[in-house]
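Q: Okay, sequence plus prediction incoming.
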Amino acid sequence: MSKIIAVTSGKGGTGKSTVCAGLGYALAKQGRRTLLIELDFGLRCLDIMFGIEDTIKYDLGDVLAGRKQALDAVASVPMATNLNLLCAPKTLTSVKAEQIVEICRSVKKYFDYIIIDTGAGINSHVFDIVEQANLILVVSTPDPVCIRDAGLMSDEFYNRGNKSQRLIINKISKKVIGDKLVTNLDEIIDKVGVQLIGVIPDDFKATVATGKGTPIPTDSDALKAFDAISKRLDGEFVPLTIKTS
């Protein structure tokens, strides 16, 4: 049975799509058949991050319009065996939660993990889709606005009965921990109110790689963090280590 993971955030700019790309890449490198479904309609970016922008023939818009079956619109990502992507359409497209649920149902036997890159923001569209996931990963940065919005979103998930939530803190550096922005990571965890599953350092190597559509270097601290989180998702015990620059 595939595991459906929804990655979401209270506002844009948290690096949600980068987290999806990093986790998908790490899971695939571990031999897990992984599908990323991108729901940022009109603002897709995962095709660029994986260096396949010019090879995408079909996208989620074709599936929603009935022109293609979901599996036929899925693109393989050459940089990692087992990694696949169903891109968001380049234009704004209406979608119902039931349609995404049906897409996941139609392809889940082919994948170990389905990661849904939701649109950012607190709206019913996101909540209705995320409710179908086995696990919700709430992404926040140390920015106080992001922390507050992540907490508000998580509270709404809990109110709707979504108890399976974990927190990923992204873009961590020494510049923001301490007296600069937040006192420590515990302050973020307490304000969001969700159990921590991983911390992603602000890593220039990863930023360059995703911007150029090349594999994240093996010595990247961000990749090591993604690898650790992916193993935790897979049931392994991996101690939390935090490297900041």
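A: Received it, and whenever you're ready, just let me know what you need. Residues are numbered from 1 along each chain as shown.
Q: what's the lengthiest helix in the chain packed up against?
A: Determined from DSSP state H, the single longest helix within the chain is helix 144-159. If you count contacts as 3 or more Cβ pairs under 8 Å, 6 or more residues apart in numbering; DSSP states H and E, helix 144-159 packs onto helix 124-130, strand 135-140, strand 165-172, helix 185-192. No exception for glycine: its C-beta is placed from N, CA and C like everyone else's.
Q: what's in contact with the first one?
A: In this case it means helix 124-130. Residues external to helix 124-130 that are found in contact with it (Cβ atoms under 8 Å, 6 or more residues apart in numbering): 6, 8, 39, 95-97, 100-101, 116, 118-119, 136, 156-157, 160, 162.
Q: Rank these by pLDDT and give me only the lowest.
A: On pLDDT alone, residue 119 ranks lowest of the contacts of helix 124-130, at 73.
Q: any idea how far residue 206 is from that one?
A: 23 Å (Cβ to Cβ, to the nearest Å).
Q: Between the two, point out the one with more neighbours.
A: Ranked by neighbour count (other Cβ atoms under 10 Å), residue 119 and residue 206 place residue 206 first, with 23 against 20.
Q: okay, that one: pLDDT?
A: 93.
Q: Check which helices and strands the helix or strand where it lies sits against.
A: For residue 206, the host element (DSSP states H and E) is helix 204-212. Packed against helix 204-212 by the contact rule (3+ Cβ pairs under 8 Å, 6+ apart) you find helix 16-29, helix 46-49, helix 221-233.
Q: Flag the shaky bits of this structure, pLDDT-wise.
A: Within the chain, the ranges that satisfy pLDDT under 70 run 120-125, 178-181, 241-245.
Q: returning to that earlier point: what distance separates the helix holding residue 206 from the middle of the whole chain?
A: Chain-centre distance of helix 204-212: 16 Å, with Cα atoms, centre = their mean, to the nearest Å.
Q: returning to what we had before: list just the one of the helices and strands packed on helix 204-212 that sits closest to residue 140.
A: helix 16-29 (9.7 Å; Cβ to Cβ).
Q: What's the first helix or strand after the closest one?
A: strand 34-38.
Q: Quick check: buried residues in that following strand?
A: Neighbour-count burial for strand 34-38, counted by 16 or more other Cβ atoms under 10 Å, picks out 34-38.
Q: Could you give me the buried positions within stretch 136-147?
A: Per 16+ other Cβ under 10 Å, stretch 136-147 contains these buried residues: 136-143, 146-147.
Q: typo on my end, it should be stretch 229-245
A: 229-231, 233.
Q: next one: stretch 75-83
A: So stretch 75-83, judged by 16+ other Cβ under 10 Å, has buried residues 75, 77, 79-80, 82-83.
Q: Taking the buried residues of strand 34-38, tell me the two that lie furthest apart.
A: Pairwise over those, using Cβ to Cβ, the maximum falls at 34 and 38, 13.2 Å.
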